[in-house]
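Q: one predicted model, sequence on top.
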Amino acid sequence: MTTGEILHFGAVRERLTGSGVLRQNLVSLSDVASVSIPNIVMIAATNREPTILANVNEQRAYLHGFTQDIDEVFEVSKIIIYIKPIASGYPTV
């Protein structure tokens, strides 16, 4: 992978437990753009790894997960982000 490739971030799969609602964003380099992805309602024990669909095209991005209430907690044991290269770079001007 070269440094200038444009990537499609298509989905996020997580193994997590907790209580409350986990809110998530995919955020681009330098926090220029942020795209919300669907929330996950957490439970104490689960046998499921939900796949959350996303549709983000960026060179690089990171997953930002957070809760809003003081009594909400979460523990993440696995994160898979599905990424596919779609272009070799931005067009030159």
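A: Sure thing, it's come through. What you see is a predicted model; the values in this text were computed from it and never measured.
Q: how far away is the residue nearest to residue 41 when sequence neighbours are not counted from residue 37?
A: Nearest non-adjacent residue to residue 41, counting by C-beta to C-beta, 6 or more residues apart in numbering: residue 21, 5.6 Å away. Just so you know, the C-beta spots here come from the backbone N, C-alpha and C atoms, and that holds for glycine as well. Residue 21 sits at a distance of 13 Å from residue 37 (criterion: C-beta to C-beta, to the nearest Å).
Q: partners of the strand or helix carrying the residue nearest to residue 41, with directions?
A: Using DSSP states H and E, residue 21 sits in strand 6-28. If you go by DSSP bridges, strand 6-28 pairs up with strand 34-42 (antiparallel), strand 51-58 (antiparallel), strand 61-66 (antiparallel), strand 73-87 (antiparallel).
Q: and residue 87, what is it in contact with?
A: Taking C-beta atoms under 8 Å, 6 or more residues apart in numbering as the criterion, residue 87 is in contact with 5, 6.
Q: next one: residue 65
A: Residue 65 touches 22, 23, 24, 74, 76, counting by C-beta under 8 Å, 6+ apart.
Q: helix/strand/coil for residue 30?
A: Secondary structure assignment for residue 30 (DSSP: H, G, I helix; E, B strand; the rest coil): helix.
Q: count the residues that sit near the residue nearest to residue 41.
A: 15 (other C-beta atoms under 10 Å).
Q: test my guess that it contacts residue 38.
A: No - counting by C-beta atoms under 8 Å, residue 21 does not reach residue 38; the two are 10.5 Å apart.
Q: which strand residues bridge the residue nearest the centre of the chain?
A: Centroid-nearest residue in the chain: residue 63, 3.9 Å away (criterion: C-alpha atoms, centre = their mean). Judged by DSSP bridges, the bridge partners of residue 63 are residue 26.
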